[in-house]
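**Student:** Here is my input, please return the structure:
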Amino acid sequence: MKKLFATSCAFAALAFAPAAFAAEECGDVSIVSMNWQSAEVLANLDQFILNNGYGCNAEIIVGDTVPSLTSMVEKGQPDLAPEGWTGLVPEVIDSGVKDGKIVLLGDALSDGGQQGWWVPKYLVDANPEIKTIDDALARPDLFPDPEDPSKGAVFNGPQGWGGTVITTQLFAAFGGAEKGFNLVDTGSSAGLDGSVARAYERQEGWMGYYWAPTALLGKYEMVMLGFGTEYDAAEWTRCTSVADCPDPKKNAWPTDKVMTVITTPFSERAPAGVKEYLAKRSWSNATVNGLMAWMTDNQATGEEGARQFLTQNPDLWTPWVSTEAAEKIKAAL
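**Tutor:** Numbers count the residues shown, from 1 in each chain. Below is the predicted model of the structure:
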């Protein structure tokens, strides 16, 4: 009986050994949560999965794009940026990859960050011929200016936003004024959101600048208009993004690359399963928009949003992880 008890204890010790070893192997992981909602929930998602599925000791720190990605290149910390908008700091990213300081594991957003001019889906459903900015500008009657119904309206963001400058330049390039439209200054982020909400609740026409992923586009189904032209990087630098450029040309808004970025030291010490998860983990704007709309309606934190996603979408996240990790994550939920 003593021998049987001793043998049972030995097997019990072995049963717990892999988990302990995995935790030791993964170790501490610092995850940067950028200061916006989609990055916050993705950082919390990675923390939950790494800790509960792979035995890591992951902690979240708060940061912002430029200082965080620069620190990863120059100082090797933090270990992981789940939602790295790499196009905002191309020189830092390019030099970091070239010098072997960071590793780009894959697209955090499968369809990239999106900026442009949007219209309500119900309007496109009723007018399927409207597919591009030129199509929409040919119909000022569908997008009446609330202050001057004889004109159409293109709603812009508040002053100080890069997107506001670009929308102003594109409005000129596409001949908005000549085609009977006013460019409306919404004054603030809340003013821009409010203009969308009012139009949607009244089922009225609306056209203007917005971006994804956002909670608002999870609540109100919108369609981004095509530009009818290809992205011209040289023209973008010369004039599209320059406020006082007098002769803007038609241009397309580029899709922003949003990638999972890790430091090389973390890449070298992280378990293979962790890196496989981070390389596979990618979700669409539609998924993130819907999740953020739920978070906003429920005043949920990033941690609560991560749990909501994991609970409601096992078909999306289980392919990202190993079978063993999936069972642990489900148990932790």
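
**Student:** Output stretch 190-209 as PDB, restricted to C-alpha atoms.
**Tutor:** The C-alpha trace of stretch 190-209 is given here as PDB (Å, rounded to 0.1, in the frame of the first residue of the first chain):
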ATOM      1  CA  ALA A 190     -18.600  63.900 -30.000                       C
ATOM      2  CA  GLY A 191     -20.000  66.200 -32.600                       C
ATOM      3  CA  LEU A 192     -18.900  63.900 -35.400                       C
ATOM      4  CA  ASP A 193     -20.400  60.900 -33.600                       C
ATOM      5  CA  GLY A 194     -23.600  62.800 -32.900                       C
ATOM      6  CA  SER A 195     -24.000  63.700 -36.600                       C
ATOM      7  CA  VAL A 196     -23.800  60.000 -37.500                       C
ATOM      8  CA  ALA A 197     -26.200  59.000 -34.700                       C
ATOM      9  CA  ARG A 198     -28.800  61.600 -35.600                       C
ATOM     10  CA  ALA A 199     -28.800  60.700 -39.300                       C
ATOM     11  CA  TYR A 200     -29.000  57.000 -38.500                       C
ATOM     12  CA  GLU A 201     -31.900  57.400 -36.100                       C
ATOM     13  CA  ARG A 202     -33.800  59.500 -38.700                       C
ATOM     14  CA  GLN A 203     -32.700  57.200 -41.600                       C
ATOM     15  CA  GLU A 204     -31.300  60.300 -43.400                       C
ATOM     16  CA  GLY A 205     -28.400  60.700 -45.700                       C
ATOM     17  CA  TRP A 206     -24.900  61.200 -44.200                       C
ATOM     18  CA  MET A 207     -21.500  61.300 -45.700                       C
ATOM     19  CA  GLY A 208     -18.200  62.100 -44.000                       C
ATOM     20  CA  TYR A 209     -14.900  61.100 -42.500                       C
END
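
**Student:** how does the protein divide up, domain by domain?
**Tutor:** 27-112+257-332, 114-240 (automatic domain parsing).

**Student:** who wins for proximity to Lys250 among the ones you listed?
**Tutor:** domain 114-240 (4.9 Å; CB to CB). Yep, even glycine has a C-beta here, placed from its N, CA and C like the rest.

**Student:** if we can go back for a sec, nearest to Asn251 among the domains of the chain would be which one?
**Tutor:** Using CB to CB, the domains of the chain put domain 114-240 closest to Asn251, at 4.6 Å.

**Student:** Just the endpoints, please. Distance across that closest one?
**Tutor:** 17 Å (CA to CA, to the nearest Å).

**Student:** Distance from the chain centre to it, please.
**Tutor:** 20 Å (CA atoms, centre = their mean, to the nearest Å).
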